[in-house]
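Student: Got a sequence here, can you build the structure:
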Amino acid sequence: MPKDKKSDTGAVLANNKKAFHDYNIIERFEAGIQLVGTEVKSCRMRQINLQDGYARIQNGQAFLMNVHIAPYGFGNRFNHKAEQQRRLLLHRSEILKLAQWLGTKGGTLIPLKFYLKQGLVKVELAYCQGKSHADRRDTLRQRQSDLEMRRMVKR
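Tutor: Residues are numbered from 1 along each chain as shown. Below you'll find the predicted structure:
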């Protein structure tokens, strides 16, 4: 019985939880990603590490850098390299917009999550600006106070 492509819609393959701690997220984008067969199989097995990943615009194209997709265990000589640059599939207008934003001080593009959408691997990118150490502490304090407030209201 053939597998229905709609069955894995919205399945999150990997999250970048540290991004919310280290960056202020300004805007999010969805992009396709150009992968080879063994990379897709590794992604479906959730063998992805987004910790140090970022996106770069080169020669009018967007590339994803430093994202580790583990080699497929059953791959043979056609297996892929773990940390190669991968092309992102975006419209020309989106690439131009991102290139303008990246020219601003402290702006960067980072991957937030990999997920499946109608059988295709997609990546959610975010345009971000880095937080200072004091901003990170303020965010933690704010979360702690919100948690305490919710506990008090619950009682």
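Student: helix, strand or coil for the residue nearest to Q85 when sequence neighbours are not counted?
Tutor: Ranked by Cβ to Cβ, 6 or more residues apart in numbering and with sequence neighbours excluded, the top spatial neighbour of Q85 is F63, at 4.6 Å. To be clear about C-beta, it is placed using only N, CA and C from the backbone, and glycine gets the same treatment. Of the three states, F63 takes strand according to DSSP: H, G, I helix; E, B strand; the rest coil.
Student: Verify the stated contact: F63 with L89.
Tutor: No: here F63 lies out of contact with L89, judged by Cβ atoms under 8 Å, at a distance of 11.1 Å.
Student: and the longest helix anywhere in the chain, what does it pack onto?
Tutor: For the chain, the helix with the greatest residue count under DSSP state H is helix 133-154. Counting contacts by 3 or more Cβ pairs under 8 Å, 6 or more residues apart in numbering; DSSP states H and E, helix 133-154 is packed against helix 18-22.
Student: Check which helices and strands the helix it packs on is in contact with.
Tutor: Packing partners of helix 18-22 (3+ Cβ pairs under 8 Å, 6+ apart): strand 120-130, helix 133-154.
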